[in-house]
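Q: any chance you could fold what I've pasted below:
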Amino acid sequence: MANNDYMTIDEKTVEEIQKKLPEESKLYELADLFKVFGDSTRIKILYVLFENEMCVYDIASLLNMTQSAISHQLRILKQNRLVKYRKEGKTVLYSLADEHVFTILRQGIEHVEE
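A: Residues are numbered from 1 along each chain as shown. The predicted model follows:
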């Protein structure tokens, strides 16, 4: 059993780290972002878009899912600024929103493959 008389707090280190911590609201946003990554269907969609820009029909076909299910998940990914879209005629093409999303996916894949 630990004796609290021998425990000390490095106040300088604690203060330095507290100054570096993001605001509470930013930490909640980050937690919400990671929740989005907690769904395997969304991860599959992101991985597909990691490889190439695609339309809903092609994503649905590739993942053997309905267009409705893919559209629903894409809506969540768009709301969280993880995917973007552009129109080419009547076709809507989806891609990863920016380099940050590429990095998150790439590092996540590297981590699980270690």
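
Q: give me the contacts around the host helix or strand of Ser95.
A: In the assignment (DSSP states H and E), Ser95 maps to strand 91-96. Residues outside strand 91-96 that contact it (Cβ atoms under 8 Å, 6 or more residues apart in numbering) are 46, 49-50, 53-56, 59, 74, 82-87, 102, 105. Placement of C-beta: from N, CA and C, glycine included.

Q: mind listing the strands it pairs with, and their directions?
A: Applying DSSP bridges, strand 91-96 is found paired with strand 54-55 (antiparallel), strand 83-88 (antiparallel).

Q: which SSE is immediately downstream of it?
A: Going C-terminal from strand 91-96, and assigning secondary structure by DSSP H and E, you next hit helix 99-113.

Q: sort out which residues of that following helix are buried, please.
A: By 16 or more other Cβ atoms under 10 Å, the buried positions in helix 99-113 come out as Val101, Ile104, Leu105.

Q: pLDDT score for the first one?
A: The predicted local distance difference test score for Val101 is 94.

Q: Phe37 is nearest to which of the strands paired with strand 91-96?
A: strand 83-88 (12.7 Å; Cβ to Cβ).

Q: for this structure, which segments count as helices?
A: 11-20, 24-36, 40-51, 56-63, 67-79, 99-113 (DSSP state H).
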